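Enquirer: need coordinates for the following:
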Amino acid sequence: MNASDSNLAPSEIFTVPEGIRLLSPEQAARLEAAFDIWRGTASRADHMRARERMRLIFLLLRHTGARLGEVLALDHDRDLDLTQGTALFGKNGNTREVPLPQGLCRELRRVLESPMAAGSQGHFLNADQGQVRRAFYARADQCGVPRELATARVLRNTRAVEMLRNGVPLAVVQSVLGQSSPELTAVLQRYSSQDASRIVRRLAMDDLRDKTSARNTFSCRVTDIVRDPVMAEIMLETAHGQRLCAVITTESLNTLALQPGTTVAASVKAPLVAVCANPAHTGGSRRNRLDATVTSVRSNPVITEINARTKFGQNVCALVSTKTAQIMGIQAGDTARFSFKALSVILNTL
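Expert: Down below sits the predicted model:
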């Protein structure tokens, strides 16, 4: 994957053909909340088990775009890798790996590694299709979503459109959904499962940027964790081999369920990023350092915004005082070193 692959931009225009049913973001959120409420009102252990099963089936359909039969056929011991965050769909040699969001992995692990799934021998997700449909219709009635939109087919369409609208290439969408078309596959480039995983995970990165005020966000993999009773040092590596470090509380470490191999988004607010016009500068006590080419410098009498791009295409932004910027004399085209402390890094799982 080249640098441009890590900077996928949403499609400027995307039209859904007439007759294709899909959920709006608000409807999808309401339907998911309805499953949460339904689970929370279970008064007996057998009811809780059944409702957890239906909720996990819904979440898998919602976040993978898989067919209902594929999800119900999963052997969770064999087909789900919750450490790597993947699900294996298909059979008879025609299989595909689909990336799973870390939040979904945590929910799957919470249920499948609990006594609730004991004795299921990998078949906790197996259920009757008619029973699944009735549960989905009931949740739709509960939250005011039309019944005809509470189906596996609509969830599949919704996931496909989400990916396409976020700039995921059609060939990758086909790979994730397990679709094959003789007319299309003859002319479209093939993508490896690794490429598909990296590209689809961009959805989570884009969503995170929309929800946070942090201007700098980097997709990373956890390589090592050093912890004591209070704090934890998280060593990170980007897809391009850049080494970063974050220091968080042990409580946050446990909440995020971080471990080596976990994919995370490392975010830093622009005012916490220091800039040095001399790339040879060590960055002082700041352990995270990125060299980048300045793309723009915008100032008012008090604050100056410095935007830059690394050689791998990552955007970096810093806010410094205008007086400091004037002393540095930094301008577009210059190479500068951007640095930030490990304590300034905010981590979110993808």
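Enquirer: where in this structure is pLDDT low?
Expert: The chain contains residues with pLDDT under 70 at 1-17, 180-214, 281-285, 350.
Enquirer: mind jotting down where the helices sit in it?
Expert: Counting by DSSP state H, one finds helices in the chain at the ranges 25-40, 45-64, 68-72, 76-79, 102-112, 129-143, 152-165, 170-177, 182-185, 193-211, 250-256, 322-328.
Enquirer: and the longest one, what does it pack against?
Expert: Which is helix 45-64. Packing partners of helix 45-64 (3 or more CB pairs under 8 Å, 6 or more residues apart in numbering; DSSP states H and E): helix 25-40, helix 68-72, strand 86-91, helix 102-112, helix 129-143, helix 152-165. For glycine as for every other residue, the C-beta is placed from the backbone atoms N, C-alpha and C.
Enquirer: in JSON lines, list those along with distance to residue 50 and mean neighbour count.
Expert: As requested, those are exported to JSON lines (distance: least, CB to CB, whole Å; neighbours: other CB atoms under 10 Å):
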{"stretch": "helix 25-40", "distance to residue 50": "10", "mean neighbour count": "16"}
{"stretch": "helix 68-72", "distance to residue 50": "14", "mean neighbour count": "19"}
{"stretch": "strand 86-91", "distance to residue 50": "22", "mean neighbour count": "18"}
{"stretch": "helix 102-112", "distance to residue 50": "12", "mean neighbour count": "18"}
{"stretch": "helix 129-143", "distance to residue 50": "9", "mean neighbour count": "16"}
{"stretch": "helix 152-165", "distance to residue 50": "18", "mean neighbour count": "20"}
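Enquirer: re the thing from before, and residue 315, which of the helices of the chain is closest to it?
Expert: Residue 315 sits nearest to helix 193-211 of all the helices of the chain, at 10.1 Å, using CB to CB.
Enquirer: what pairs with residue 225 across the strands?
Expert: Assessed by DSSP bridges, residue 225 has beta-bridge partners residue 234.
Enquirer: hang on, isn't it packed against residue 233?
Expert: Yes. Taking contacts as CB atoms under 8 Å, residue 225 lies within contact range of residue 233: 7.2 Å.
Enquirer: picking that back up, next, format the helices of the chain as a markdown table and append distance to residue 219.
Expert: Shown next, in a markdown table, are these (distance: least, CB to CB, whole Å):
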| stretch | distance to residue 219 |
| --- | --- |
| helix 25-40 | 22 |
| helix 45-64 | 18 |
| helix 68-72 | 27 |
| helix 76-79 | 25 |
| helix 102-112 | 12 |
| helix 129-143 | 33 |
| helix 152-165 | 17 |
| helix 170-177 | 16 |
| helix 182-185 | 29 |
| helix 193-211 | 6 |
| helix 250-256 | 15 |
| helix 322-328 | 29 |
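Enquirer: out of the ones you listed, nearest to residue 123?
Expert: That would be helix 76-79 among the helices of the chain, by CB to CB, at 7.7 Å.
Enquirer: list the buried residues in that closest one.
Expert: Neighbour counts over helix 76-79 (16 or more other CB atoms under 10 Å) mark 76, 79 as buried.
Enquirer: over to stretch 303-317?
Expert: Buried residues in stretch 303-317 (16+ other CB under 10 Å): 304-310, 312, 314, 316-317.
Enquirer: and it, how far apart are its ends?
Expert: Start to finish, the residues bounding stretch 303-317 are 13 Å apart (CA to CA, to the nearest Å).
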